[in-house]
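Visitor: Turn this into a structure:
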Amino acid sequence: MSELNVEVTYALPEKQYLLPVKVMEGATVEDAIMASGILALRADIDLKKIRWVFIVALQN
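Guide: Residues are numbered from 1 along each chain as shown. Below is the predicted model of the structure:
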């Protein structure tokens with residue numbers, strides 16, 4: 001499997017996060033979030049309650 005470069009973002013009015021992450025092909029959005037370390041930076045994030053919005057951009 002190939003390794004992919006993705007970015008996990010989390011935006012609040014007072015602070016924005018843009019975290020580059022490498023994940024394996026076939027990884028889920030949740031896998032990328034976990035690999036990003038955002039949960040350690042923002043203890044207030046609850047993946048069961050948060051509304052996920054994601055965009056996938058592909059490059060050859």
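Visitor: mind checking the longest helix of this protein?
Guide: helix 29-36 (DSSP state H).
Visitor: what's in contact with that helix?
Guide: Applying Cβ atoms under 8 Å, 6 or more residues apart in numbering, the contact partners of helix 29-36 are V6, V8, L19, V21, K22, V23, A27, L39, L47, W52, F54. All C-beta atoms are positioned from the backbone trio N, CA, C, and that covers glycine.
Visitor: Any of these buried? List them.
Guide: V6, V8, L19, V21, V23, A27 (16 or more other Cβ atoms under 10 Å).
Visitor: which one is the residue nearest the centre of the chain nearest to, not counting chain neighbours?
Guide: Per Cα atoms, centre = their mean, the C-alpha nearest to the average position across the chain is that of V8, at 2.9 Å. Distance criterion Cβ to Cβ, 6 or more residues apart in numbering; nearest residue to V8, sequence neighbours excluded, is S36 at 3.9 Å.
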